[in-house]
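Chemist: attaching a predicted model along with its sequence, questions to come.
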Amino acid sequence: MGELLALAAEAAGGRHHLVAVQMPASLVMMTPITQALHGRGPRPAAAGAGLRAMASAPLHGGELPGMVDQELANLIRPGLTLAQACVLAVAPCPGVTDVLLAASGAPHWEEAPKPSPNPRSPPPSCGRSLVYSPPPDPDIEQHMRSCHARAAKALDVREPGGEFWGWAGRTQSASPQNKASGKLWGGALDAQHVFGDLDGRRPALLAVHDAVDDDTAYRAELWVRVGQPVLSDDPVLQRDLQLPGSWWQDLTGTLEKVAAVDTDRIAVRQQYMDRASPNSWASRPRP
């Protein structure tokens, strides 16, 4: 960002007049979002420089609505269309001030602003301890806190430390009562029944608490707390971990156990792999 501002000042012959930067972000381009959630990358840098950060291509050239399904859209926020859910996955990203869209017609343009939550950035002091931000709507934020407190009481547990929010402001699963089922709702329980703790390689699910409030179903999950140090506190590795051969052997054995289980769950559609794989590997040398 510093180099960009220097180039802008050079082009202006002195003080630059740059007010905004544009960068792509979507469900298939998550690295910039992940960086921003950890206070790194161009978006926080743009905010620090007083620039607007515009997120472009949230629908990935119109392809994303064909890659996701309604179950995923309902996980982001119940009742959204597929396109709205894709936009909402980008809009709350810290540092994003605008989401750029191109609509094919008036109905699409009128629909586009509906999921916008007027996102707010996390407080500057949050550092790396805050993985995700609270919901942008204060009423929803308070309601989620109340549901979390009721679930903690029902499970007879208490928070050992500070407050941590899940993705898109979630602290527990939520869905319309008549849609509280399927792979995104019951995946954790299904995995626990099939895998257990995978010989200590997977945190065990101890209990779940289900509740219904105003036709909305909520599920809270109680997991074993992982006490071992993490290899990286960032989804994007920033250094060579220098892992021993035994670590890779353990990983191979665990993956073989997972692969041996029959399942009808589809994490990534074949259509996406057919399109993404050539794009990712076409310019790389063949082995």
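Modeler: Received the coordinates, thanks. Numbers count the residues shown, from 1 in each chain.

Chemist: look up phi and psi at residue 22.
Modeler: phi -120, psi 130 (degrees, to the nearest 10).

Chemist: could you check how far it is from residue 49?
Modeler: 14 Å (Cβ to Cβ, to the nearest Å). From N, CA and C alone the C-beta is placed, and that goes for glycine too.

Chemist: strands along the stretch 101-250 of the chain, start to end?
Modeler: 173-176, 205-213, 216-223 (DSSP state E, counting those that start in this stretch).

Chemist: indicate which one of those strands is closest to residue 32.
Modeler: strand 173-176 (26.5 Å; Cβ to Cβ).

Chemist: so which elements touch that closest one?
Modeler: With contacts defined as 3 or more Cβ pairs under 8 Å, 6 or more residues apart in numbering; DSSP states H and E, strand 173-176 has these neighbours: helix 70-76, strand 216-223.

Chemist: give the next helix or strand downstream of the shortest one.
Modeler: Scanning forward in sequence from helix 70-76, with DSSP states H and E defining helices and strands, the next element found is helix 82-90.

Chemist: give me the sheet partners of whichever helix or strand comes after that following helix and which way each runs.
Modeler: Note on helix 82-90: by DSSP H and E, the next helix or strand toward the C-terminus is strand 98-99. Next to strand 98-99 in the sheet, as set by DSSP bridges, lie strand 52-56 (parallel).

Chemist: buried residues in the strand it pairs with?
Modeler: Of all the residues in strand 52-56, those buried under the rule 16 or more other Cβ atoms under 10 Å are 53, 54, 55.

Chemist: quick check: the spatially closest residue to the last one that is not a sequence neighbour vs residue 58, distance?
Modeler: In this case it means residue 55. In this structure, residue 55 finds its nearest non-sequential neighbour in residue 25, 4.2 Å apart by Cβ to Cβ, 6 or more residues apart in numbering. Separation of residue 25 from residue 58 (Cβ to Cβ) stands at 6 Å.

Chemist: and for residue 145?
Modeler: In this view, residue 145 and residue 58 are 29 Å apart by Cβ to Cβ.

Chemist: these two: which is more packed in?
Modeler: Under the criterion of other Cβ atoms under 10 Å, the comparison of residue 145 against residue 58 puts residue 58 first, with 24 against 13.

Chemist: just say helix, strand or coil for that one.
Modeler: Assigned with DSSP: H, G, I helix; E, B strand; the rest coil, residue 58 falls in the coil class.

Chemist: pretty sure it is touching residue 85, no?
Modeler: No. The pair residue 58 / residue 85 is not scored as a contact, 10.4 Å apart, by Cβ atoms under 8 Å.

Chemist: just the pLDDT for residue 146.
Modeler: pLDDT recorded at residue 146 is 87.

Chemist: the stretch 1-150 of the chain: helices as residue ranges?
Modeler: With DSSP state H, counting those that start in this stretch, the ranges of helices along the stretch 1-150 of the chain come out as 2-12, 31-37, 42-48, 70-76, 82-90, 106-111, 138-155.

Chemist: now do the longest one and strand 205-213, the angle between them.
Modeler: What it means is helix 138-155. For helix 138-155 against strand 205-213, the angle by axes from the mean of the first three to the mean of the last three Cα atoms, to 10 degrees is 130 degrees.

Chemist: sorry, back to before: tell me how many other residues surround the residue nearest to residue 55.
Modeler: Count around residue 25 with other Cβ under 10 Å applied: 26.

Chemist: touching, it and residue 59? I think so.
Modeler: No. With contacts counted by Cβ under 8 Å, residue 25 stays clear of residue 59, the gap being 10.9 Å.

Chemist: output the below-cut-off pLDDT ranges for the stretch 1-150 of the chain.
Modeler: 106, 108-109, 111-136 (pLDDT under 70).

Chemist: what residues does stretch 243-262 touch?
Modeler: 194, 195, 198, 199, 201, 231 (Cβ atoms under 8 Å, 6 or more residues apart in numbering).
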